[in-house]
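[1] got a predicted model here, sequence first, then my questions.
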Amino acid sequence: MRLYDCSTAPSPRRVRMFIAEKGISVDTVQVDLASGEQHGDAFAAINPHRTVPVLQLDDGSCLTTTGGICHYLERQFPQPPLIGRDAAEHGLIVDLVSHIEQDGYLAIAEAFRNKARSFSRNALTGAQQYEQIPELVERGRSRTGHFFVWLDQTLQNKTYLAGDAFSMADISAFIAVEFSAWIKVPVPDSCSALLEWRDRISERPSAGA
Ligand SMILES: N[C@@H](CCC(=O)N[C@@H](CS)C(=O)NCC(=O)O)C(=O)O
């Protein structure tokens with residue numbers, strides 16, 4: 001197996017943290033997103049969507065989303081379980097991750113990619129070029145604030161997002177909260193459950209992966 005990674009980007013960091021929690025090691029190849037390596041022919045042949053992370057399996061086939069990669073690793077390395085210990089918990093974690101991606105990552109990316117000069121013709125990832133829409137910057141920032149409130153409410157009286165067990169939902173949300181620093185939207189002091197949870201997750205060795 002080989003992980004196509006970018007040490008500075010949030011999505012591959014989710015996979016690195018997942019791998020660290022599993023206690024396994026995977027060879028990695030750095031893809032230089034800043035210089036546009038993802039758009040070169042060599043990487044486009046590996047992932048036509050031109051994003052990282054990508055997990056290349058031993059037979060040469062490639063998984064090209066964080067979700068696909070983490071679900072594959074969960075099947076291959078079931079311990080410790082990170083996507084649920086039973087059917088109900090599995091469904092809950094998949095639900096949570098879906099909301100975190102829609103309302104967290106996409107909101108932050110909307111604010112970031114529609115502002116940063118380096119993305120002036122690449123407001124969305126992938127082969128097609130899309131111009132920035134400046135109005136989406138404020139909308140993304142506002143959505144990020146609502147995302148924090150939702151996380152805070154979800155964490156009331158809980159150690160982890162899905163309950164008493166650490167999971168892929170915590171990994172996904174923790175890195176989304178870290179990603180929000182890129183748009184300088186801080187977690188408000190009123191979100192005390194979220195702030196306490198963030199401190200708890202940041203103490204895990206995998207948080208530095
Ligand atoms: N849906 C993909 C999204 C991955 C993604 O957006 N990755 C970003 C880095 S965090 C990327 O590769 N960006 C390439 C670019 O900006 O051109 C996943 O879940 O893995």
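    Alright, I've got the coordinates.

[2] so how far is the ligand from the residue sitting furthest away from the middle of the chain?
    The centre of the chain is farthest from one residue, D59, which by Cα atoms, centre = their mean lies 25.8 Å away. Per Cβ to the nearest ligand atom, to the nearest Å, D59 is found 21 Å from the ligand. Bear in mind the C-beta positions are built from the backbone N, C-alpha and C, glycine included.

[3] and what of N157?
    From N157 to the ligand the distance is 30 Å (Cβ to the nearest ligand atom).

[4] so the residue farthest from the centre of the chain sits in a strand?
    No. Read with DSSP: H, G, I helix; E, B strand; the rest coil, D59 is coil and lies in no strand.

[5] mind pulling up the pLDDT for it?
    Here the pLDDT value assigned to D59 is 97.

[6] and what of T51?
    98.

[7] that one: neighbour count?
    21 (other Cβ atoms under 10 Å).

[8] ok, now A127?
    Quick note: A127 (other Cβ under 10 Å) scores 10 neighbours.

[9] so where does it fall, helix or strand?
    For A127, there is no host helix or strand (DSSP states H and E).

[10] what about it, distance to A109?
    Relative to A109, A127 is positioned 17 Å away (Cβ to Cβ, to the nearest Å).

[11] same check, this time on V137
    From V137 to A109 the distance is 11 Å (Cβ to Cβ).

[12] who's more crowded, the two?
    Ranked by neighbour count (other Cβ under 10 Å), V137 and A109 place A109 first, with 21 against 18.
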